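*Asks:* build me a model:
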Amino acid sequence: MDAYGYIEVIGLVPAIAAADVAMKAANIEIVGKENTGKAMIALIIKGEIGAVRAAIDAAESEVGRIGKVVSTNVIARPDETLASLY
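*Replies:* Residues are numbered from 1 along each chain as shown. This is a model prediction of the structure:
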């Protein structure tokens, strides 16, 4: 694993759409989802840096069509202790 990616959206339907498009766009693994409050859901993925970036970009584009993206982030070469969070 070279990277973690995060996309935070408003609503469950956009979160499901983001997960679907991300999985179809690149070879990534969905680590989980977190309710971050007020109907916001963060989708967490991991994989090779290029795949994670492509998946997040595709998910952001799809969610922009049907809902609202709150934020995105890609962490390249995360510290090994970060893996203990998931």
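*Asks:* only C-alpha atoms for contact and neighbour calcs from this point on.
*Replies:* OK.
*Asks:* quick one: the helices in this protein?
*Replies:* Counting by DSSP state H, one finds helices in the chain at the ranges 12-25, 49-66.
*Asks:* looking at the protein, which strand is longest?
*Replies:* strand 28-37 (DSSP state E).
*Asks:* report the rounded mean pLDDT for that one.
*Replies:* For strand 28-37, the mean pLDDT works out to 94.
*Asks:* that one: how far from the chain's middle?
*Replies:* In terms of CA atoms, centre = their mean, to the nearest Å, the centre of strand 28-37 is set 7 Å apart from its chain centre.
*Asks:* partners of the helix or strand of the chain with the lowest mean pLDDT, with directions?
*Replies:* Within the chain, no helix or strand scores below strand 28-37, which has a mean of 94 by mean pLDDT, DSSP states H and E. Take DSSP bridges as the rule and strand 28-37 pairs in its sheet with strand 40-47 (antiparallel).
*Asks:* and the contacts of the partner strand?
*Replies:* Contact with strand 40-47 is made by 1-12, 15, 18-19, 27-36, 52, 70, as judged by CA atoms under 8 Å, 6 or more residues apart in numbering.
*Asks:* try it again with 7 Å
*Replies:* 1-12, 15, 28-36, 52 (CA atoms under 7 Å, 6 or more residues apart in numbering).
*Asks:* the inter-axis angle of that strand versus helix 49-66?
*Replies:* Angle of strand 40-47 versus helix 49-66, following axes from the mean of the first three to the mean of the last three CA atoms, to 10 degrees, is 150 degrees.
*Asks:* and strand 40-47 with helix 12-25, angle?
*Replies:* 10 degrees.
*Asks:* quick check: mean pLDDT of strand 40-47?
*Replies:* Averaged over strand 40-47, pLDDT sits at 96.
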